[in-house]
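Peer 1: Provide a 3D model corresponding to the input given below.
(2 chains)
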2 protein chains.
Amino acid sequence: MSGTLKHDTETNITLIGTGTIGLSFAAFHLTHLASPSQLTIYDTRSDAAQYVQENLPKFFKDQDQSSSPSFSDVKIASSLHEAVENASIIQESGPENASFKLNLWAEVEKYAPKDTLLWSSTSGIPASQQICKMQDTSRVLVVHPYNPPHIMPLLELVPSPETSEDVIKRTQEFWRARGRVPIHIKKESTGFVANRLAFALLREAVHLVDQGVVSVEELDQIVQTSMGPRWAVAGPFKSYHAGGGPAGLEGFFKNIGGTVQDCWANAGTPNVGDGWEKKIFWEAKEAYGTVDVAERDKITRRLLQVLEEEKKITGNA
Amino acid sequence: MSGTLKHDTETNITLIGTGTIGLSFAAFHLTHLASPSQLTIYDTRSDAAQYVQENLPKFFKDQDQSSSPSFSDVKIASSLHEAVENASIIQESGPENASFKLNLWAEVEKYAPKDTLLWSSTSGIPASQQICKMQDTSRVLVVHPYNPPHIMPLLELVPSPETSEDVIKRTQEFWRARGRVPIHIKKESTGFVANRLAFALLREAVHLVDQGVVSVEELDQIVQTSMGPRWAVAGPFKSYHAGGGPAGLEGFFKNIGGTVQDCWANAGTPNVGDGWEKKIFWEAKEAYGTVDVAERDKITRRLLQVLEEEKKITGNA
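Peer 2: Prediction:
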């Protein structure tokens, strides 16, 4: 996919945090920046430089090794001040706790240029809970990836009510120019959108396995051979709109709205900690052991490439 | 995918009902049977022969036309008796009402050979509610496809408590030999499994659009660029098991079980008829008009081909 994307020789990107998400973002930027030296990584761990040199190359394992960038030119900052002072974009992927983020942004604001975009990878802490110690509260928004971000196209942009339109617009433009799909979420809801949707299905999945209707592995096979490939091509509304024939989504609900409602009324409502965990964790371990993520990523790349090609042919998809 | 599949010169298949599902099953069998004359179609409509000749070829629209089979050799039966007397497999895709199916199977039993497999495509009427008028109640089970069955690999096999093990086994073997993925559902639950899962996500999707968090089209884009392609490669349990690192699914819940529970506790519970319909039906119509299903199917075939190739390489996927 990277062949058609624009490099930008003036964008300096600083990533804070070297967990899986942080390093995956690093891998993405390394394949899109003109030079690895435009990327700065900061982490409070004392062995940050060594850790990055050892772990970042792993994100290129599923690809042709000749296309790997030069990791040694990535800058590893030794202080937050140094990390952010020349950044045009700062994305934090630090610990998921509000006070860490509150203090981080207050510090970042002291040293970063006034127009630097400030992004949080958080999956659970809304921007409005991160900005309370800042002078200018209009600059931070959530840019939540779907893991792993160096592969998956989606970015959920979730501004707080105080985030400026200009900040949102520049963030959208950045990702669109790099072939990604940034979606502007209009309200700060718990878990944003992608996770809420996925977890709703997961809850019913937990219920059905817990009830002995299917096993963990059978449930995965069902999804992999039905709604997985279907929703890769057309999301749920588009699919059911097509399923309703000329009458669209309305026709779909006219035809099988009764079954839909029966399923909704009958849906399971397990909670975390209810006791289903033992069986389901054990079944997952038995079925999968340790998942070969590089293999999964290689296949995912191929699928996304097909979708990308078809999008170019048809103008949509 | 059809290149490696076995043809069976002794299997006679009878399909009852010429709706979308019935004709899509016909399209599947035509590409797998040794001869189109092994396929018999029956429908009570008086213009059945003409209707099939006109509509069945449409299911090959997204494919190279030279690979289309000879439709004129398909048998169109003029009575139920004629339709079933030589059948080794009978699949009904008739109207979704229990009394139609009750009476149909009682009639079929009179004329069909004793070892014919009897399958229902129903998405809502369990086998146990279809067999009450039969002498031998061990022969009927639900074989529920994911639409359209000539493309999608999944078949949910849902026996009643009275269905024999032999009938289930022969049904599994039939579909496996043809490269499909038949999953044996252990309990007759409302909507079986695939629809329950998909509708659980759809419910949250309706909630989020209804609340103004995203539009219909944005929601579809989110799914198409995240869990769609992901779940095509690895179902939800496998994905989250991988996401938890070496600790697997247990590790995943340890890390973000709090966010999962927050999403579950916060999930929307709209019902059919609650009033969200007007806005959402309208948005779907505005966004998509009439969906080009042939284009969707062509892209889906390409994705499934990639997944099939990878399965052969890795032995799983």
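
Peer 1: what's the residue nearest the centre of chain A in contact with, if anything?
Peer 2: Compute the mean C-alpha point of chain A, and by Cα atoms, centre = their mean the closest residue is A:P145, 1.6 Å away. Taking Cβ atoms under 8 Å, 6 or more residues apart in numbering or on different chains, we find A:P145 in contact with A:21, A:24-25, A:121, A:152, A:154-156. C-beta coordinates here come from the backbone N, C-alpha and C atoms, glycine included.

Peer 1: Now do the helix or strand hosting A:L141: distance to the chain's middle.
Peer 2: Here A:L141 sits within strand A:140-145, counting by DSSP states H and E. Put simply, strand A:140-145 sits 9 Å off its chain's centre (Cα atoms, centre = their mean, to the nearest Å).

Peer 1: Can you pick out the most distant pair from the contacts of A:P145?
Peer 2: Largest separation among the contacts of A:P145 by Cβ to Cβ: A:S24 and A:E156, giving 15.5 Å.

Peer 1: ok, now how distant is A:F281 from B:K238?
Peer 2: 13 Å (Cβ to Cβ, to the nearest Å).

Peer 1: Look at those two and report which has more neighbours.
Peer 2: A count of neighbours by other Cβ atoms under 10 Å in any protein chain shown puts B:K238 above the other of A:F281 and B:K238, at 27 against 21.

Peer 1: shouldn't that one be in contact with A:T290?
Peer 2: No: counting by Cβ atoms under 8 Å, B:K238 sits too far from A:T290 to count as a contact (11.5 Å).

Peer 1: quick one, what contacts the residue of the stretch 1-150 of chain A found nearest chain B?
Peer 2: Nearest residue of the stretch 1-150 of chain A to chain B, counting by Cβ to the nearest Cβ: A:Y146, 3.9 Å away. For A:Y146, the contacting residues are A:152-155, A:194, B:225-227, B:230, by Cβ under 8 Å, 6+ apart.

Peer 1: Near the residue lying closest to A:R302 once chain neighbours are set aside, how many other residues are there?
Peer 2: Setting aside the residues directly before and after it, A:R302 is nearest to B:V306 in space (Cβ to Cβ, 6 or more residues apart in numbering or on different chains), at 5.1 Å. B:V306 is flanked by 19 other residues according to other Cβ under 10 Å.

Peer 1: Surely B:V306 and A:L304 touch.
Peer 2: No: with contacts counted by Cβ under 8 Å, B:V306 stays clear of A:L304, the gap being 10.3 Å.

Peer 1: rewinding a little: kindly identify which of the contacts of A:P145 also come near chain B.
Peer 2: A:152, A:154, A:156 (Cβ under 8 Å from any Cβ of the partner chain).

Peer 1: Report the beta-bridge partners for the second one.
Peer 2: Meaning A:L154. Taking DSSP bridges as the rule, A:L154 bridges to A:V181.

Peer 1: mind listing the strands in the stretch 101-250 of chain A by residue range?
Peer 2: Along the stretch 101-250 of chain A, counting by DSSP state E, counting those that start in this stretch, strands occupy A:117-120, A:140-145, A:154-159, A:181-184.

Peer 1: can you redo those as TSV with distance to B:V214 and mean pLDDT?
Peer 2: Formatted as TSV, those follow (distance: least, Cβ to Cβ, whole Å; pLDDT from 0 to 100):
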stretch	distance to B:V214	mean pLDDT
strand A:117-120	19	98
strand A:140-145	13	98
strand A:154-159	9	98
strand A:181-184	7	98
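
Peer 1: Quick one: closest of those strands to B:K169.
Peer 2: Across the strands of the stretch 101-250 of chain A, closest to B:K169 is strand A:154-159 (Cβ to Cβ), at 41.9 Å.
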